[in-house]
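[1] 3D, please:
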Amino acid sequence: MKMTLHEIQALDYPVDKLMLVSICGTAYQVFAEDQGVHFAIYDDNGDVLKSKNLESAKDLIKDLKCKRSVLYQQLPYDEACVSNGEMSPAMEIPLGLH
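    Got it, this is the predicted structure:
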């Protein structure tokens, strides 16, 4: 499943969790989790919503409705071992934005 940034903004309820996922320490991709479903968030052009630094990634999600927001840090070996697009359990750090 995937949703665009505008689709998330249009929801009349907060999603359960927004995640800024650190990718190899060089970028942050935005994911969400709602009602047990994990999905990526895209811009209106169909591109994955991501940023090259944490502060601008936080700006991408600051106005979105969610119950909590976290920085999700996977270890390098976790990224190599996970299959089927699932996220390995790793370190979640609350962002305190929501």
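[2] hey, let's count contacts and neighbours off CA atoms from now on
    Fine.
[3] could you list the low-pLDDT ranges of this structure?
    Along the chain, segments meeting pLDDT under 70 span 75-90, 97-98.
[4] quick one: the strands in it, in order.
    Assigned by DSSP state E, the strands in the chain fall at 2-4, 17-23, 27-34, 37-42, 50-51, 69-73, 91-94.
[5] including distance to Ala57 and mean neighbour count, could those strands go into a markdown table?
    Output for those, formatted as a markdown table (distance: least, CA to CA, whole Å; neighbours: other CA atoms under 10 Å):
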| stretch | distance to Ala57 | mean neighbour count |
| --- | --- | --- |
| strand 2-4 | 15 | 16 |
| strand 17-23 | 7 | 23 |
| strand 27-34 | 6 | 19 |
| strand 37-42 | 12 | 18 |
| strand 50-51 | 5 | 20 |
| strand 69-73 | 10 | 22 |
| strand 91-94 | 14 | 13 |
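[6] tell me which of those lies nearest to Lys58.
    Comparing these by their distance to Lys58 (CA to CA), the top pick is strand 17-23, with 7.8 Å.
[7] list the contacts of that closest one.
    The contact list for strand 17-23, computed with CA atoms under 8 Å, 6 or more residues apart in numbering, reads 28-34, 57-58, 61, 66-74.
[8] thank you, goodbye.
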